[in-house]
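> Let me see the structure of the following:
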Amino acid sequence: MDVNGDGIQDMFSGSYTAGLFYFLGQGDGTHADKVSIKQTSGEPVNPESALGAKMFDWDGDGDLDVITGTISGPVYFIENEGDLKFGKEVELTSNGEAISAPDGGVCFGDFNGDGLTDLVLGDDDNLAIYYCSEVGATELGDPDFLFKGEGSWEAKEANDAKTLVLKEPLLGSRIKPCVTDWNGDGKLDILAGDYTYVKAPAKDLTSAEKKELADLEEQIDELAEATYTYYDSMEEKILEKLGAKSVEDMTEEQMSRYGEAYSEVMSEDEGMADANEAYSTAYARISELRGEQQTHGFVWVFLQA
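Numbering: from 1, shown residues only. Down below sits the predicted model:
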């Protein structure tokens, strides 16, 4: 997307901690440092945490606005009032009630051919299209559910431990959509990524695998303790870099720099990455040998008929 209209592609992102940011393209494949989008008053635009946001000219006035999901459920329209200065967030509604989409992610496309851009919304359990009746509308119609999940956080059974292909095609949680013409037929399709738990069938272990499992089970607590120790020391170092006493007492400005401070601390201490990698590798192998649930993610394709 071209955020500032200079003909160069830029990047835009929400964040987990706080804030919405754009990165101006330099024309050579690189990008400038992040810039926090602000209200006309100068205050940062910051509805809450875990912002699944995208920029799009929702109100049709020629500049890019923001639509964002949030961790707690509300979905907001944030108008670009000109020169990348933004208004207050406005909550989107459906049939007079606030849309609730916890951990929501958004995308856009005209799915009923009326010339108006509709909202595609994924969340903890569902994937739906909300049809728009007029340009810039904040009141949308009934959702058309492509997937309506119940128990999306429950582990899903896989055919085998190696491929983790599911026995039944069921989406997980934290669904994030992307709109594109996937099969080149001139119609918009939807890709959706998810986060899920997968349970592989238990297997009959060989003698060597039984010994491997026993060894790993002896090691895992020690590896976990090493990881937790590193995490505790990391948090202290991050807070020191930010000049904060605790996470709870952090200001918005400190929250906006948390990710940067985290990356700096990680780069300064290779032991943390090594400890985390050792624990993750051992845990994954134990889960595979036991036939226990594992975390995974799939990408699903919804083709428009």
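> Quick check: mean pLDDT of stretch 136-143?
In this model, stretch 136-143 has a mean pLDDT of 94.
> who touches it?
With Cβ atoms under 8 Å, 6 or more residues apart in numbering as the test, stretch 136-143 has contacts from 58-60, 77, 90-96, 99, 119, 121, 126, 128-133. C-beta: built from backbone N, CA, C; applies to glycine.
> mind redoing it with 6 Å?
Here stretch 136-143 makes contact (Cβ atoms under 6 Å, 6 or more residues apart in numbering) with 58-59, 77, 90, 92-94, 128, 130-131.
> Check stretch 294-301 too.
164, 182, 191-196, 198, 287.
> Show me which residues of it are buried.
Residues of stretch 294-301 classed as buried by neighbour count (16 or more other Cβ atoms under 10 Å): 294, 296, 298, 300.
> Repeat that for stretch 104-117.
For stretch 104-117, by 16+ other Cβ under 10 Å, it's 104-109, 111, 116-117.
> got the contact list for residue 166?
Residue 166 neighbours (Cβ under 6 Å, 6+ apart): 156, 158.
> again, 8 Å this time
Residue 166 neighbours (Cβ under 8 Å, 6+ apart): 156-159, 198, 298.
> hey, what's it bridged with?
Beta bridges link residue 166 to residue 158 when assigned by DSSP bridges.
> circling back to that earlier point, from the contacts of stretch 294-301, which two are the most distant?
182 and 287 (32.1 Å; Cβ to Cβ).
> Which residue, neighbours along the chain excluded, lies closest to residue 273?
residue 266 (6.3 Å; Cβ to Cβ, 6 or more residues apart in numbering).
> Sorry, wrong one. I was asking about residue 60.
residue 135 (4.1 Å).
> Specify the local secondary structure of that neighbour.
Three-state call for residue 135 (DSSP: H, G, I helix; E, B strand; the rest coil): coil.
> Okay, it and residue 67: tell me how far apart.
13 Å (Cβ to Cβ, to the nearest Å).
> and what of residue 22?
15 Å.
> now residue 48
In terms of Cβ to Cβ, residue 48 sits 15 Å off from residue 67.
> what do you get for residue 116?
14 Å.
> can you check residue 300 too?
Counting by Cβ to Cβ - residue 300 and residue 67 are separated by 22 Å.
> where exactly do the helices run in the stretch 201-305 of the chain?
207-242, 252-256, 258-268, 270-290 (DSSP state H, counting those that start in this stretch).
> I'd like to know which of these lies nearest to residue 3.
helix 252-256 (17.9 Å).
> Return the alpha-carbon coordinates of the closest one using CSV.
What follows is helix 252-256, C-alpha atoms only, in CSV (Å, rounded to 0.1, in the frame of the first residue of the first chain):
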residue,chain,number,x,y,z
GLU,A,252,1.8,4.2,26.2
GLU,A,253,5.1,5.4,24.8
GLN,A,254,7.0,2.7,26.7
MET,A,255,4.5,0.1,25.5
SER,A,256,5.1,1.1,22.0
